[in-house]
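>>> structure of the sequence below:
(one chain, ligands or ions: 1)
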Amino acid sequence: MIPIEKLLLQRGVKITDIAEIAFLLQIKYNPVLTMEECIVSVRTVLSKREVQYALYTGIALDNLAERKLLPEPLQSIMESDEPLYGVDETLALGITNVYGMIGLTSFGYLDKVKPAILQQLNNKANGIHVFLDDLVAGLAAAASARIAHGDANANQYDLPDC
Ligand code: MG
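Now for the predicted structure:
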C-alpha cells in the first residue's frame with residue numbers, strides 16, 4: 001500500500017498545501033497559531049484509517065477517469081465534473097465529520113471560496129480532480145476543526161483506528 005503522503009504528492013498536493021488552508025481557516029480565531037501546528041494536525045487527521053480509505057477511493061476514481069477507464073455514465077460525469085454528482089462531497093464529508101459541526105461549516109465555506117491549492121485543483125487543465133478537491137477541503141476542514149477543539153479536547157473526538 002502506497003503511503004498516503006506519497007499518493008497525495010503524486011497528485012500534486014503537499015502536506016503544507018493542506019496545512020495552509022487549515023491555517024487560513026483558524027488564524028482569525030487563534031492569532032498565535034503556527035504552520036507547524038497545522039502540519040501536525042493534518043498529519044494526525046491523515047493517520048486515521050477511515051480517512052486514508054476515503055483518499056485511496058477518491059484518488060483511484062480520479063486516476064481512472066484521467067485514463068478513460070471508467071464505465072459510463074461515470075466517465076462522462078467525471079470528465080465534465082457534473083455539479084449534481086455530489087458523491088465527491090459525500091465522500092469528503094466522511095473525513096470532516098470526524099471533528100463535528102465546525103468541520104462541516106468550514107467544508108461548506110471552502111467549497112464556495114476555494115482558496116490556495118483548491119483553486120488549482122478546480123482547474124480542469126490540471127487533470128481530473130473531481131474527488132481530490134473535496135478530499136483536500138475535507139482534510140483541511142478537519143485539521144482546522146481539530147485545532148479549534150483544542151488538543152486535549154480533540155482527542156475525545158478522535159476515533160480509534162479499527
Ligand atoms: Mg469535486
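>>> the one residue in the chain that gets nearest to the ion sits in which helix or strand?
Among the residues of the chain, Asp88 lies nearest to the ion; the distance is 3.8 Å by Cβ to the ion. For every residue, glycine as well, the C-beta is placed using N, CA and C. Element membership for Asp88 (DSSP states H and E) is helix 87-96.
>>> please see if the next helix or strand along the chain from that helix touches the ion.
Once the chain leaves helix 87-96, the next helix or strand it forms, by DSSP H and E, is helix 100-113. No. Contact between helix 100-113 and the ion is absent, the nearest approach being 8.4 Å (criterion: Cβ under 5 Å from the ion).
>>> tell me the angle helix 100-113 makes with helix 87-96.
140 degrees (axes from the mean of the first three to the mean of the last three Cα atoms, to 10 degrees).
>>> neighbouring contacts of helix 100-113?
21, 25, 89, 92-93, 96-97, 118, 134, 137-138, 140-142, 144-145, 148-149, 157 (Cβ atoms under 8 Å, 6 or more residues apart in numbering).
>>> quick one on the thing from earlier: tell me how far the helix holding Asp88 lies from the chain's centre.
Here helix 87-96 shows a centroid-to-chain-centroid distance of 8 Å under the convention Cα atoms, centre = their mean, to the nearest Å.
>>> same check, this time on stretch 6-18
11 Å.
>>> so for it, what's the average pLDDT?
Mean pLDDT, computed over stretch 6-18, is 97.
>>> what strand or helix carries the residue most central in space within the chain?
Relative to the mean C-alpha position of the chain, the nearest C-alpha, by Cα atoms, centre = their mean, is the one of Val136, at 2.3 Å. Using DSSP H and E, Val136 sits within helix 132-149.
>>> residue numbers of the chain in contact with the ion?
Neighbours of the ion within the chain, by Cβ under 5 Å from the ion: Asp88, Val130, Asp133, Asp134.
>>> what's the separation between the nearest residue to the last one once chain neighbours are set aside and Arg67?
Just to be clear, that refers to Asp134. Excluding the flanking residues, the one nearest Asp134 by Cβ to Cβ, 6 or more residues apart in numbering is Ala92, at 3.7 Å. Distance from Ala92 to Arg67, counting by Cβ to Cβ, to the nearest Å: 22 Å.
>>> cool, thanks, signing off.
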